[in-house]
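In: Here is the input, now give the coordinates:
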Amino acid sequence: AARALLGLALTLLLPQAVGGNVSYAAHTVVDQSVQALAQLKLPSGLAGFVNACLRRYLREQDELLLKAGEDLQARWNHPFWWVQRVRRDHPQHWQAILAANNRPAPMVLRVNRRRVGRDDYLQTLRAQGLLAEPVGRDGIALAQAVAVDRLPGWEQGHCSVQDLAAQLAAPLLLDGADLPAGARVLDACAAPGGKTAHLLECAELDLLALDVDPQRCDRIQDNLQRLGLKAELRAADAADTARWWDGRAFDAILLDAPCTASGIVRRHPDVRWLRRPGDIAQLAAQQLRLLEALWPTLGAGGRLLYCTCSVFKAEGEQHVRDFLPRHPDAQLLPSPGHLMPGEPAEAWLGGSVGSDNLVGMDGFFYALLLKRPAG
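Out: Next comes the predicted model:
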């Protein structure tokens with residue numbers, strides 16, 4: 001915990017983390033880090049050690065950064081194994097991926113089209129002095145992050161906070177699917193419910209949302225209630241279909257599988273320090289179990305959208321490469337594949353795109369699979 005907190009504090013102090021300008025006062029970062037360690041009740045001396053490390057960094061910043069350029073782990077502020085893994089998976093883009101992880105993520109909203117038009121909501125934001133631009137189909141990017149209770153119409157369900165990459169899920173699954181009203185749709189690992197809600201905002205669906213954690217199901221319900229949406233919720237392991245599936249085929253399935261979260265480091269900087277190399281294989285096995293278990297529940301002609309917020313190929317591209325030969329009835333439809341953190345959104349979201357500092361997606365993987373009729 002102390003190591004993760006120290007890494008996070010150093011990230012906040014790095015000039016490149018915010019385009020050359022530190023957005024937090026140095027003394028605030030140091031003081032808050034020490035206070036956080038004290039609250040964790042860790043062995044005595046750790047708080048003093050972290051305090052000393054941070055203050056030495058501030059005194060010798062220029063010299064230390066120069067030396068750090070010779071050390072991959074220090075230079076990119078990622079564990080060495082992580083740097084090597086990204087470099088292996090994306091030899092042409094690894095530096096851009098790591099650099100994007102060290103920059104702050106934009107705050108992006110998804111407008112609830114069932115409650116308010118995107119253009120109308122954009123005008124409301126601007127009238128309240130919030131600088132914002134339309135992005136994608138339903139999105140609005142804010143120039144500066146704000147507390148959600150400052151957003152007009154938040155309690156009335158006018159919008160949700162959701163990155164542009166996550167806003168791809170609903171249109172990828174629904175566009176061109178020609179689903180009838182009331183189509184049976186499964187959101188297999190639904191919490192906290194952002195993609196569930198977007199699906200329901202886009203179409204009239206008979207949607208079942210699953211999550212293995214009952215408390216996380218409660219959070220889904222809270223989000224849907226705020227947005228004025230309804231779905232059937234069930235606490236269940238999506239891979240254990242015998243316990244929850246009634247045998248009726250789904251017309252579409254969204255499988256947003258648990259993953260390393262390697263694509264959203266810019267939102268959760270501690271992830272890189274908390275993960276261990278063995279986590280990738282462990283989570284990849286869980287993802288494969290889910291994919292194999294859910295495929296039989298999809299009806300002929302139906303679509304399954306597999307996604308993770310990961311840039312590691314073992315959690316994305318490799319699964320699809322292995323899955324297709326085992327399932328002759330599966331066809332890969334046009335889909336983004338691996339999206340890099342910071343990548344512009346226009347290619348897959350369409351619509352208006354703002355300046356580079358307002359857009360740029362989280363890292364994600366998307367594969368859209370069609371189930372061909374037998375014979």
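In: after the worst-scoring helix or strand of the chain on mean pLDDT, next one along is what?
Out: Within the chain, confidence by mean pLDDT, DSSP states H and E is lowest for helix 346-349 among all helices and strands, at a mean of 54. Using DSSP states H and E, the helix or strand that directly follows helix 346-349 along the chain is strand 364-371.
In: helices or strands next to whichever helix in the chain runs longest in the packing?
Out: Longest helix in the chain by number of residues (criterion: DSSP state H): helix 278-294. Where contact means 3 or more Cβ pairs under 8 Å, 6 or more residues apart in numbering; DSSP states H and E, helix 278-294 is packed against strand 250-256, strand 298-308, helix 317-326. Bear in mind the C-beta positions are built from the backbone N, C-alpha and C, glycine included.
In: in the second one, what counts as buried?
Out: Within strand 298-308, the residues scored as buried using 16 or more other Cβ atoms under 10 Å are 298-299, 302-308.
In: For Arg372, the count of nearby residues, please.
Out: 13 (other Cβ atoms under 10 Å).
In: Contacts for the longest helix of the chain next, please.
Out: By Cβ atoms under 8 Å, 6 or more residues apart in numbering, the residues outside helix 278-294 that reach it are 85, 186, 188-189, 238-241, 253, 255, 257-260, 304, 306, 308, 312, 314-315, 318-319, 322-323.
In: which parts of it are buried?
Out: Neighbour-count burial for helix 278-294, with 16+ other Cβ under 10 Å as criterion, is recorded at 280, 283-284, 286-288, 290-291, 293-294.
In: which one of the residues you listed is nearest Met107?
Out: Leu283 (27.4 Å; Cβ to Cβ).
In: and stretch 104-114, how far out from the chain's middle?
Out: The chain centroid and the centroid of stretch 104-114 are separated by 13 Å, computed with Cα atoms, centre = their mean, to the nearest Å.
In: Send me it as CSV with only the CA atoms.
Out: The C-alpha coordinates for stretch 104-114 follow below in CSV (Å, rounded to 0.1, in the frame of the first residue of the first chain):
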residue,chain,number,x,y,z
PRO,A,104,-5.1,13.1,-16.8
ALA,A,105,-8.2,11.6,-18.3
PRO,A,106,-10.9,13.9,-19.5
MET,A,107,-14.4,14.0,-17.9
VAL,A,108,-16.9,12.8,-20.5
LEU,A,109,-20.6,12.7,-20.1
ARG,A,110,-23.2,10.6,-21.9
VAL,A,111,-26.5,12.4,-22.4
ASN,A,112,-29.6,10.4,-21.6
ARG,A,113,-31.4,10.8,-24.9
ARG,A,114,-34.7,9.6,-23.3
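In: are any of the contacts of helix 278-294 buried, and which?
Out: Using 16+ other Cβ under 10 Å, the buried ones in the contacts of helix 278-294 are 85, 186, 188-189, 238-239, 241, 253, 255, 257, 259-260, 304, 306, 308, 312, 314-315, 319, 323.
In: if I look at Ala74, how far off is Leu6?
Out: 13 Å (Cβ to Cβ, to the nearest Å).
In: list the residues that contact both of these two?
Out: With Cβ under 8 Å, 6+ apart as the test, Ala74 and Leu6 reach no residue in common.
In: okay, those two: which has more neighbours?
Out: Leu6 (19 against 15).
In: which element is that one on?
Out: Applying DSSP H and E, one finds Leu6 within helix 2-13.
In: what's in contact with that helix?
Out: 17, 22-24, 26, 29-30, 33, 36-37, 42, 46, 49-50, 53-54, 57-58, 61, 77, 102, 269-270, 272-274.
In: cool, and stretch 321-329?
Out: 288, 291-292, 295, 300, 330, 332, 369, 371-374.
In: Which member of the residues you listed is positioned nearest Ala249?
Out: Ala300 (7.8 Å).
In: Go ahead and confirm the closest one touches Lys371.
Out: Yes. The pair Ala300 / Lys371 is scored as a contact, 5.7 Å apart, by Cβ atoms under 8 Å.
In: counting contacts, what elements does the helix or strand harbouring Ala197 pack onto?
Out: According to DSSP H and E, Ala197 maps onto helix 194-202. Applying 3+ Cβ pairs under 8 Å, 6+ apart, one finds that helix 194-202 makes contact with strand 107-111, strand 159-161, helix 169-174, strand 183-187, strand 205-211, helix 214-227, strand 250-256.
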